[in-house]
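Visitor: sequence and predicted structure below; questions after.
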Amino acid sequence: MLTVLAGAPLIASCGGKEPGGAAGPQDGPGGKGRDSVADGPAGVLGANFNEDPSDVTFPALEALSASWLRGFVPMSDIDGAVSAQPAVRTLLAARAKGYGTVLSMKFQNVHRPIPSPGSQAMSDELARMERLLDVVMGNVNILTIGNEPFLETREADRNARLNAFYEKAAEHVIAYRRKKFPSGCTTRLYMGALNHLDRPGGQTAATERWMAFVKQTREIEGVDIHPHVDSAEAAQKYVDYVLPRLRADQRFLVTEFSLVLLWEKHMGGTVPAPFARRYGMPADLKVWQLLKQAVAHPVPAQQWRDFLTMSPWYASHQHFLRNQVDRFRSTGRLAVATYGVAQAAAMVRDLGPEKQPWLLNSLYANRTVQHSGSGELPHNYPVFDDFRALQRSVDHRPVRLGKTST
């Protein structure tokens, strides 16, 4: 886990510029000139650990040349000490080292009715939010209100009830920021994140209201999307949906994206015959079985690379990360995209034919490939190299952002 020194100072960047002053002009596709949203991030590609930073280290981030880091915190955990939450602790440590940081608030309402404004359950949720805001407002660069709201809410509540809850939450965050930092703040607010916009029925009256609220709320700088898809065309549907529904001065985040749904379609197939012959494996070995074996007994780096390059379903899409980031940047409206750093424990737990193969996405193959004696984590081919190549000099640490009005 990223190490946090005891007593490390918080940045407290609201009310003034962060160390280093204002951001300079942006380079790269769609990033020409001065930012239209008061020195906010534009076209950045960072790293994501979701809720589990256990396998992420600062040397690993430095090897990637990453300058931004994202994670989410389950709001139900805020009943305990806020600063003890892994995502919060990690992002505060990263911020102290000059990284740009994105924190998403995850409200888990899958197994209970979503709280209604005015109810005791809503009051309890707002109290948790205040405890979190006391620690992170002014100490993270972007706070996203919601993680995957439509997936983290009961199906029966994915309607106006969902909108009412998240609108109340956003209004509470906005009021808190205005009260605590009336002269301006470098913690920017986004709403997030929308899923399944590429699917039939994924665009609903509730997603329309979601986007209308984002557009009409001055203090919200944009929306987050999570295109976990089976094709680049499916990812484009997300962008095509949100961009026309944003104000001209708003941007979008992509704090999670992948081709995991394409990889999933091939888990029940057999490994490539030439690969099986080269490594003396049974001809009928399934892909998911190979992954399970690699987790139990990590393989040499060349063997892992051969598996990927000799699998047509992977090799023909091996540059998805590179191509997709180029597409996001070409809109001129991308704020920050983040991509998964490591193969986390949850990705390999109960690995079987029905398990989504998230471990194929990660920048590091830390649970499927043998570690060298150098201490550096094994790279995942070729996304590690593509991620590094996509980093821009303008995004180097320390991240420098101006404040936004409150």
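Guide: Noted; the coordinates are in hand.
Visitor: now do the end-to-end distance for stretch 277-287.
Guide: 15 Å (C-alpha to C-alpha, to the nearest Å).
Visitor: outside of that stretch, which residues touch it?
Guide: Stretch 277-287 is contacted from outside by 266-271, 273, 275-276, 290, 303, 306, 311, 353, using C-beta atoms under 8 Å, 6 or more residues apart in numbering. C-beta: built from backbone N, CA, C; applies to glycine.
Visitor: format the residues you listed as JSON lines; extra columns: pLDDT, secondary structure and distance to Val341.
Guide: Shown next, in JSON lines, are the contacts of stretch 277-287 (pLDDT from 0 to 100; DSSP: H, G, I helix; E, B strand; the rest coil; distance: C-beta to C-beta, whole Å):
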{"residue": "His266", "pLDDT": "97", "secondary structure": "coil", "distance to Val341": "24"}
{"residue": "Met267", "pLDDT": "97", "secondary structure": "coil", "distance to Val341": "22"}
{"residue": "Gly268", "pLDDT": "97", "secondary structure": "coil", "distance to Val341": "28"}
{"residue": "Gly269", "pLDDT": "97", "secondary structure": "coil", "distance to Val341": "28"}
{"residue": "Thr270", "pLDDT": "97", "secondary structure": "strand", "distance to Val341": "30"}
{"residue": "Val271", "pLDDT": "98", "secondary structure": "coil", "distance to Val341": "26"}
{"residue": "Ala273", "pLDDT": "97", "secondary structure": "helix", "distance to Val341": "33"}
{"residue": "Phe275", "pLDDT": "98", "secondary structure": "helix", "distance to Val341": "27"}
{"residue": "Ala276", "pLDDT": "98", "secondary structure": "helix", "distance to Val341": "30"}
{"residue": "Leu290", "pLDDT": "98", "secondary structure": "helix", "distance to Val341": "23"}
{"residue": "Gln303", "pLDDT": "98", "secondary structure": "helix", "distance to Val341": "22"}
{"residue": "Asp306", "pLDDT": "98", "secondary structure": "helix", "distance to Val341": "24"}
{"residue": "Ser311", "pLDDT": "98", "secondary structure": "coil", "distance to Val341": "23"}
{"residue": "Pro353", "pLDDT": "92", "secondary structure": "coil", "distance to Val341": "26"}
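Visitor: of these, grab the buried ones for ChimeraX.
Guide: Entered in ChimeraX, the line below selects the buried ones among the contacts of stretch 277-287, by 16 or more other C-beta atoms under 10 Å:
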select :266,267,270,271,275,276,290,303,306,311
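Visitor: which one of the contacts of stretch 277-287 sits closest to Ser374?
Guide: Nearest to Ser374, judged by C-beta to C-beta, of those is Gln303 at 18.7 Å.
Visitor: count the neighbours of the nearest residue to the closest one once chain neighbours are set aside for me.
Guide: Spatial nearest neighbour of Gln303, excluding adjacent residues (C-beta to C-beta, 6 or more residues apart in numbering): Tyr279 at 6.2 Å. Using other C-beta atoms under 10 Å, Tyr279 has 15 other residues around it.
Visitor: packing partners of the longest helix anywhere in the chain?
Guide: The longest helix of the chain (DSSP state H) is helix 160-180. Judged by 3 or more C-beta pairs under 8 Å, 6 or more residues apart in numbering; DSSP states H and E, helix 160-180 is in contact with helix 120-136, strand 142-145, strand 188-194, helix 205-216.
Visitor: using PDB, write out every CA atom in the second one.
Guide: Output for strand 142-145, consisting of C-alpha atoms alone and laid out as PDB, is shown next (Å, rounded to 0.1, in the frame of the first residue of the first chain):
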ATOM      1  CA  ILE A 142     -11.600  16.200  -8.000                       C
ATOM      2  CA  LEU A 143     -14.500  14.900  -5.900                       C
ATOM      3  CA  THR A 144     -17.000  12.800  -7.800                       C
ATOM      4  CA  ILE A 145     -20.400  12.600  -6.300                       C
END
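Visitor: that one pairs with which strands?
Guide: strand 100-106 (parallel), strand 188-194 (parallel) (DSSP bridges).
Visitor: closest one to Leu91 among those?
Guide: For the strands paired with strand 142-145, the distance to Leu91 is smallest for strand 100-106, at 4.5 Å, taking C-beta to C-beta.
Visitor: mind listing the helices for the stretch 301-406 of the chain?
Guide: With helices called from DSSP state H, counting those that start in this stretch, the stretch 301-406 of the chain shows them at 301-309, 312-315, 320-330, 345-348, 383-389.
Visitor: got the buried residues for the longest one?
Guide: The one in question is helix 320-330. Neighbour count says helix 320-330 has 320-322, 324-325, 327-329 buried, by 16+ other C-beta under 10 Å.
Visitor: over to the second one?
Guide: Residues Tyr314 are the ones in helix 312-315 that count as buried (16+ other C-beta under 10 Å).
Visitor: may I have the helix or strand bottoming out on mean pLDDT in the chain exported as CSV, CA atoms only?
Guide: Counting by mean pLDDT, DSSP states H and E, the chain has its least confident helix or strand at helix 345-348, which shows a mean of 94. Only the C-alpha atoms of helix 345-348 are listed here, as CSV (Å, rounded to 0.1, in the frame of the first residue of the first chain):
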residue,chain,number,x,y,z
ALA,A,345,-7.0,-9.5,-4.9
ALA,A,346,-10.7,-9.2,-5.8
MET,A,347,-9.9,-9.9,-9.5
VAL,A,348,-8.6,-13.3,-8.8
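Visitor: contacts for it?
Guide: 52, 54-55, 295, 358-359, 362, 367.
Visitor: can you tell me which of the helices of the stretch 301-406 of the chain the model trusts least?
Guide: Mean pLDDT per stretch puts helix 345-348 lowest among the helices of the stretch 301-406 of the chain, at a mean of 94.
Visitor: right, and the strands paired with strand 142-145 - which one's nearest Val173?
Guide: Closest approach to Val173 among these is made by strand 188-194 (6.3 Å; C-beta to C-beta).
Visitor: taking helix 205-216 as reference, get the angle to that closest one.
Guide: 160 degrees (axes from the mean of the first three to the mean of the last three C-alpha atoms, to 10 degrees).
Visitor: chain center to strand 188-194: distance?
Guide: How far strand 188-194 lies from its chain's middle: 11 Å, per C-alpha atoms, centre = their mean, to the nearest Å.
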